[in-house]
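A.B. asks: What would the 3D arrangement of this be:
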Amino acid sequence: MQKITSYIFVYGTLLNKENEFAANLAANCTFVSHGKFKGKLYDVGEYPGAVSVNENDCYVYGSIFQLNKPQEILKILDGYEGFGDGQPQPNLFIRELVEVEADNKTFMCWVYLYNLPVEGLRQIMSGDYLEYTKTGRLTKF
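C.D. replies: The predicted structure follows:
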């Protein structure tokens, strides 16, 4: 059985306050801090996909939340992110524990990482999805 931690790091559509899953997340958690993890962010179309990399100058930026009911909320988010045995295989995203940096601290957070090939996808060089969406540069498939 996988360990349950109460921290989650979100970097994409779950930061959009108009998203019903983001609203559910906000209602069932507490904002902890803005943060970043070593990774690369890609434009997958209507959402971003992050992959973890061990490069010092590549970060994905987002927010850390503490979940009030981790098992319950993660089950809902797993469905939203296409993660789990009941989802199409291979899973679109996988949920992994990742070290996230925030305000001179580190948190072990659940992060949904993109699980399909990134070749041919546009990298979001800033690592900041919300900033990227302001430019209107999302790819439409």
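A.B. asks: any idea of the mean pLDDT for whichever helix in the chain runs longest?
C.D. replies: Among the segments of the chain that qualify as a helix by DSSP state H, the longest is helix 70-81. Averaged across helix 70-81, the pLDDT comes to 94.
A.B. asks: So for the helix or strand following it, mean pLDDT?
C.D. replies: Once helix 70-81 ends, the next helix or strand along the chain (criterion: DSSP states H and E) is strand 93-102. Taken as a whole, strand 93-102 has a mean pLDDT of 97.
A.B. asks: what do you get for stretch 43-60?
C.D. replies: What stretch 43-60 shows for mean pLDDT is 94.
A.B. asks: i'd like the first residue to be 577 from this point on
C.D. replies: Renumbered: residue one is now 577, and that last one reads stretch 619-636.
A.B. asks: Give me the distance between that stretch and the centre of its chain.
C.D. replies: Relative to the centre of its chain, stretch 619-636 is centred 9 Å away, using C-alpha atoms, centre = their mean, to the nearest Å.
A.B. asks: Strands of this protein, residue ranges please.
C.D. replies: 583-586, 605-619, 624-628, 635-643, 669-678, 681-690, 698-699 (DSSP state E).
A.B. asks: Please state the offset of the last one from the chain centre?
C.D. replies: In this case it means strand 698-699. Distance of strand 698-699 from the chain centroid (C-alpha atoms, centre = their mean) equals 16 Å.
A.B. asks: Tell me the strands beside it, with direction?
C.D. replies: Paired neighbours of strand 698-699 in the sheet (DSSP bridges): strand 605-619 (antiparallel).
A.B. asks: L692 contacts L668, correct?
C.D. replies: Yes - with contact defined as C-beta atoms under 8 Å, L692 counts as touching L668 (6.6 Å). All C-beta spots, glycine's among them, are computed from the backbone N, C-alpha and C.
A.B. asks: And the two? Which one has more around it.
C.D. replies: Neighbours per residue, other C-beta atoms under 10 Å: of L692 and L668, the larger number sits with L668, 17 against 14.
A.B. asks: Now the more buried one, what are its backbone angles?
C.D. replies: Note on L668: its backbone torsions stand at phi -60, psi -40 [degrees, to the nearest 10].
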